[in-house]
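Asker: Please work out how this folds:
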Amino acid sequence: MLDINLFRTNPDLIKENIRKKFQDEKLVMVDEVVEMDKEFRAAKSRCDELRGQRKSISKQIGAFMAQGKKEEAEAAKKQVTDMADELEKLDARAEELTQEIRKRQLVIPNIIDESVPIGKDDSENVEIEKIGEPVVPDFEIPYHVEIMESFNGVDFDSARKTSGSGFYYLCGDIARLQSAILSYARDFMINKGFNYYIPPFMIRGNVVSGVMSFKEMEEMMYKIEGEDLYLIGTSEHSMIGKFIDTILDEDELPKALTSYSPCFRKEVGAHGIEERGVYRIHQFEKQEMVVVCKPEDSKDWFTKLYNNTVEFFRTLDIPVRTLECCSGDLADLKVKSIDVEAWSPRQKKYFEVGSCSNLGDAQARRLGIRIRNKEKGNYFAHTLNNTVVAPPRMLIAFLENNLQADGSIVIPEALRPYMGGNTKLKKCNK
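Answerer: Coordinates of the predicted model:
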């Protein structure tokens, strides 16, 4: 949500940013906010004027009564009554304008960083770097579901009976492998100096509207019927929400947090064959990074965060690349975003396994997360988030990149302590 002062001082900057994001239908909202803000300020100014006059006239009433000037006192009372009626109407209009302005502020996109490439959609995202050698082995890589089934590691049929499509049971070594990856991710981030959390898995509506756009909310979130609660789509929601309406001391910052949670998503829309199986499902687990920091530190933290994910994947022998998201592919709250993609030997291409985002002060402004400064006055924090790892999507990359010709899976050294010291997973005999 943009500062109202920016609408007052530089509406053209906001409009240019909207054009860069190819959302021209929102241009009219800028002018609407500017005009409504003028009316709001005029109403508040008139209210202040009326309150001052009413106070002065109220004092006169007592003097008139003491002097026996009954007619003058009654006339003054009539003035006070008329002023009260006008004040009531102006206050109601000011509140109405406040709500209408905020409604538009919530859908007008954040100002993107000047380094963000301009493009309409993800097809125009820009590759930054490839890390690790992408290998295509001289044997066929099966579809990831077939690999899991060779270990008796996944059961879709039972899940369809209990929960419907988009769910599954993980079993045996594959279930253990997923838990091991998450445990390793937890310790990896703790060793990076991040504070570990397991947050609430449900949040209230005011937190949802604080951390994401309405469009994202409609496409992602499951609402608990009859309650003001939503299932989280990522632990970022709970972790940023943790700071709602707080004022942080500068010497407390940065807050570098890592959190585990299950995640629940509607995943609205049809998807291709490669997104079946366990790629795009309604329930999964994730290890997340969240940072709350001073504005001048957020660019450095952004680089640190996505490099943490790159390093994590490389310790598991998975080649990755980083992509700069173009303007049209950025969610409205984001200032800048980089996707981390893992190599798929089967598809002979990279696919997304995580996303790192700098949201500037957008979430902090919505949620009231401020930093205390006695000399300059309190100001809004910057917030960032990034995926450490999100199995089972990451599990696809892990299985494909560590699959051997005999159908076994090599366990990289970093993961072996979490897998009972095993160096390989062997196929089950059917």
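Asker: For this structure, list the residue farthest from the centre, please.
Answerer: Distance from the centre of the chain peaks at G68, with 67.7 Å (C-alpha atoms, centre = their mean).
Asker: what residues are up against it?
Answerer: Residues counted as contacts of G68 (C-beta atoms under 8 Å, 6 or more residues apart in numbering): none. For every residue, glycine as well, the C-beta is placed using N, CA and C.
Asker: Is it located within a helix, as I assumed?
Answerer: No. Going by DSSP: H, G, I helix; E, B strand; the rest coil, the assignment for G68 is coil, not a helix.
Asker: any idea how far it is from L316?
Answerer: Distance, G68 to L316, by C-beta to C-beta, to the nearest Å: 93 Å.
Asker: before we move on, what about V290?
Answerer: 22 Å.
Asker: Comparing the two, which shows the higher neighbour count?
Answerer: Under the criterion of other C-beta atoms under 10 Å, the comparison of V290 against L316 puts V290 first, with 27 against 21.
Asker: Any idea how many residues pack against K349?
Answerer: Residues near K349, counting by other C-beta under 10 Å: 11.
Asker: Ignore what I typed, I meant D187.
Answerer: Counted with other C-beta under 10 Å, the neighbours of D187 add up to 14.
Asker: any idea which element it lies in?
Answerer: helix 172-190 (DSSP states H and E).
Asker: Please compute how far that helix lies from its chain's middle.
Answerer: 24 Å (C-alpha atoms, centre = their mean, to the nearest Å).
Asker: Ok, stretch 66-81 next?
Answerer: Centre to centre, stretch against its chain (C-alpha atoms, centre = their mean), the figure for stretch 66-81 is 59 Å.
Asker: Please work out the average pLDDT along that stretch.
Answerer: The average pLDDT for stretch 66-81 rounds to 78.
Asker: For that stretch, output the C-alpha coordinates as CSV.
Answerer: Below are the C-alpha coordinates for stretch 66-81, written out as CSV (Å, rounded to 0.1, in the frame of the first residue of the first chain):
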residue,chain,number,x,y,z
ALA,A,66,-25.6,35.2,33.0
GLN,A,67,-26.5,38.6,31.5
GLY,A,68,-30.1,37.6,30.9
LYS,A,69,-29.8,37.8,27.2
LYS,A,70,-32.1,34.9,26.5
GLU,A,71,-32.7,35.5,22.8
GLU,A,72,-28.9,35.7,22.1
ALA,A,73,-28.4,32.5,24.1
GLU,A,74,-31.0,30.6,22.1
ALA,A,75,-29.6,31.9,18.8
ALA,A,76,-26.1,30.7,19.9
LYS,A,77,-27.6,27.3,20.9
LYS,A,78,-29.1,27.0,17.4
GLN,A,79,-25.7,27.7,15.9
VAL,A,80,-24.1,25.0,18.0
THR,A,81,-26.8,22.5,17.0
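Asker: Just the buried positions in it, please.
Answerer: For stretch 66-81, a neighbour-count test (16 or more other C-beta atoms under 10 Å) marks 73, 76, 79-80 as buried.
Asker: Thank you kindly, that will do.
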